[in-house]
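Student: Sequence and predicted structure, then a few things I'm wondering about:
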Amino acid sequence: MGRGILPLVLFLLITLLSTSFPPSTWSNPPGPPVDPLILEEMVSSSDGTAGYFVLFSPQADLTQAYTLTDWTERGRFVYRALRETAERSQFRVRRWLEKRGLAYTPLAINNSLFVTTDRATLEALAAFPEVAGFRGNHRYELPRPVGGKRAFPHGVAWNIALVGADRVWRDYGAKGQGIVVANIDTGVEYTHDALYPNYRCGNGPHTDCWYDPSAVCPYPDEPCDNVGHGTHVMGTMVGDDDPVLLYNVGMAPDARWIACKGCEGYSCSDYALTACADWILAPNGNPANRPHIVNTPGGATVAIPGIECRYRPGGQRASFPPLRPGTRDRTATAWARRAITPNRSPPEPPIVPTRSPSSPAVAPPVGARSSRRFSLLE
C-alpha cells in the first residue's frame with residue numbers, strides 16, 4: 001500500500017511546485033531571445049509590467065557616409081538613413097501598439113522601440129518576424145562622492161599641464177575654437193561661472209542643446225544636474241579660462257558644449273543612455289546641431305541594448321549576451337559615420353564632486369594618462 005501512495009504523493013508535490021511559481025520566473029516565451037531581466041521585473045512589479053526594448057533586425061547601410069566630406073551632408077545622410085530604416089522596419093509593430101493604446105519611444109540609432117507592457121503583450125510582439133529580440137532596462141551605477149582634501153591651486157590645474165594642453169594653447173593658439181562637445185551624464189549646472197560662457201544655447205531656449213529623456217529635472221526643458229558628476233566632467237572638458245576664475249581645469253576652454261541627461265541620478269538606465277545616444281545624432285531633430293565629440297560616463301560605451309556585451313562603469317560586463325555574434329556597437333558605428341568622436345571618462349573614477357567644477361573634491365581629469373592620478377578642484 002505504501003508503494004501505491006508514494007507515486008501519488010510525488011505527483012501532487014510536482015503539481016504543487018509547478019503551479020506555485022508564475023511561468024515567467026522559469027521560462028522564456030517562444031520566439032526571439034528575451035532578456036531575463038524583463039521577466040523578472042514583470043513578476044516583481046505590482047501590475048505585471050516592465051519597461052524594455054523591442055529590437056528589430058534591419059540595419060541601415062551607412063557605408064556611404066565615409067565618402068562624404070561635407071559635415072552637413074554627412075549628418076543628414078546618416079540621420080535620414082537611420083530614420084528611414086527604423087520607420088520601415090518598425091511600421092507594423094508601431095501600428096499594432098497604437099491600435100491598443102500602448103505608448104512607445106522610437107529609437108533610430110539602434111532600430112528599437114522602448115515600451116512598457118505585460119508578458120502577454122511581449123509574447124504577441126515576439127510573433128512579428130521583424131522583431132529580433134527584447135532587452136531589459138538595465139541600470140549602471142556611478143561612483144559616489146568621497147570627501148577629498150580641500151585645495152586652492154592657482155593657474156592651470158595639474159591635468160592640463162600633464163598632457164601639455166597649456167603648451168598647445170600657447171604655441172598654437174588652439175583652445176577648441178569651432179568645436180562643439182557633448183556629454184551624456186548626470187546633466188550640467190549650466191549657469192556655473194566656468195561653464196555658462198561656453199554653453200551653446202545661453203539663456204535658452206534649450207531644445208537645441210539639452211535633452212532630459214527621463215524628465216528628472218524640475219524643468220526638463222532646462223539643463224540641471226541633481227548629482228554633480230556631469231557638471232564636473234563638463235568642467236574638465238571645456239571649463240572657461242577667464243582670468244577672473246581662480247584656476248583653469250578645462251582642456252578646451254574655447255569649445256562650446258551641449259548635454260543630455262543619460263543618468264537619472266547615481267545610476268544610468270539603458271533607456272536614458274540610448275535615448276541620449278539617439279538625440280546626439282540630431283539634437284532637436286536637426287543634424288546640424290550635433291556635436292563633434294561626445295563624452296560618456298564611467299569608461300563604458302553608451303549602452304545600446306542587445307548589440308554586444310560592453311563594460312559597465314567599474315569594469316563589470318553587462319550580463320545579457322549579444323543577439324547576433326559579431327555585430328558592432330550601433331552607436332559607435334552611427335557616431336563614427338557622422339564624424340562624432342566618442343570620448344570616455346577614466347574607467348575607475350574614484351571621486352567626483354558633489355555639485356560643480358568649483359566644489360571641493362578630487363576627481364580624475366579628462367586627458368590624464370592614468371585614472372589613478374587625481375586633480376584637485378576648488
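Tutor: On my side now, so go ahead. It should be emphasised that the depicted structure is a prediction, and the values quoted were computed from it without experimental measurement.

Student: In this protein, where is pLDDT below threshold?
Tutor: Scanning the chain with the threshold set as pLDDT under 70 gives 1-30, 147-154, 298-378.

Student: Select the longest helix from it.
Tutor: helix 71-99 (DSSP state H).

Student: Buried ones in the next helix-or-strand element following it, by neighbour count?
Tutor: Of the helices and strands lying after helix 71-99 in sequence (DSSP states H and E), the nearest is strand 104-107. By neighbour count with 16 or more other Cβ atoms under 10 Å, strand 104-107 contains the buried residues 104-105, 107. The way it works is simple: take the backbone N, C-alpha and C, and place the C-beta from them, glycine included.

Student: helices or strands up against strand 104-107?
Tutor: helix 71-99, strand 112-118, helix 270-281 (3 or more Cβ pairs under 8 Å, 6 or more residues apart in numbering; DSSP states H and E).

Student: List phi and psi for M234.
Tutor: phi -60, psi -40 (degrees, to the nearest 10).

Student: how about the closest residue to it other than its chain neighbours, what does it touch?
Tutor: Once flanking residues are discounted, M234 sits nearest to V188: 4.9 Å by Cβ to Cβ, 6 or more residues apart in numbering. Neighbour list for V188: 195, 199, 223, 225, 230-231, 234, 257, 259 [criterion: Cβ atoms under 8 Å, 6 or more residues apart in numbering].

Student: quick one on the thing from earlier: any idea which of the buried residues of strand 104-107 is closest to A124?
Tutor: Y104 (13.8 Å; Cβ to Cβ).

Student: now the residue nearest to T72 when sequence neighbours are not counted: how far from I109?
Tutor: Leaving aside its sequence neighbours, T72 sits nearest to A288 (Cβ to Cβ, 6+ apart; 5.8 Å). According to Cβ to Cβ, to the nearest Å, A288 stands 17 Å off from I109.

Student: Give me the more crowded residue out of those two.
Tutor: Higher neighbour count among A288 and I109: I109, with 27 against 13, using other Cβ atoms under 10 Å.

Student: Just read off the phi/psi values of that one.
Tutor: phi -60, psi -30.

Student: From W279, how far off is it?
Tutor: As defined by Cβ to Cβ, I109 lies at a distance of 9 Å from W279.

Student: Ok, G228 next?
Tutor: Using Cβ to Cβ, we find G228 at a distance of 22 Å from W279.

Student: ok so, going back, just the helices and strands packed on strand 104-107: most buried one?
Tutor: Most buried of those by mean neighbour count (mean count of other Cβ atoms under 10 Å) is helix 270-281; its value is a mean of 26.

Student: got the angle for it vs helix 71-99?
Tutor: 140 degrees (axes from the mean of the first three to the mean of the last three Cα atoms, to 10 degrees).

Student: Sheet partners, orientation included, of the helix or strand that helix 270-281 is followed by?
Tutor: The helix or strand immediately downstream of helix 270-281 is strand 293-296, counting by DSSP H and E. If you go by DSSP bridges, strand 293-296 pairs up with strand 180-185 (parallel), strand 341-344 (parallel).

Student: hang on, the earlier thing: can you tell me which of the buried residues of strand 104-107 lies nearest to D171?
Tutor: Using Cβ to Cβ, the buried residues of strand 104-107 come closest to D171 at L107, 43.5 Å.

Student: which residues does the nearest residue to the closest one once chain neighbours are set aside contact?
Tutor: Of all residues not flanking L107 in the chain, D278 sits nearest, at 4.8 Å (Cβ to Cβ, 6+ apart). Residues near D278 by Cβ under 8 Å, 6+ apart: 107-110.

Student: how about the residues you listed, which pair is most distant?
Tutor: Based on Cβ to Cβ, the longest span within these runs between A108 and N110 and measures 8.0 Å.

Student: list the contacts for the closest residue to R76 other than its chain neighbours?
Tutor: Using Cβ to Cβ, 6+ apart and skipping residues adjacent in sequence, the residue nearest R76 is P287, 5.2 Å away. By Cβ under 8 Å, 6+ apart, P287 lies in contact with 72, 75-76, 78-79, 281, 338.

Student: Now render those as a markdown table, adding distance to V34.
Tutor: Putting these into a markdown table (distance: Cβ to Cβ, whole Å) gives the following:
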| residue | distance to V34 |
| --- | --- |
| T72 | 41 |
| G75 | 35 |
| R76 | 36 |
| V78 | 30 |
| Y79 | 30 |
| L281 | 28 |
| R338 | 32 |
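
Student: What's opposite the closest residue to P291 other than its chain neighbours in the beta bridge?
Tutor: In space, and not counting its chain neighbours, P291 is closest to A182: 3.9 Å by Cβ to Cβ, 6+ apart. Taking DSSP bridges as the rule, A182 bridges to I258, V294.

Student: and A182, how far is that from G136?
Tutor: Counting by Cβ to Cβ - A182 and G136 are separated by 26 Å.
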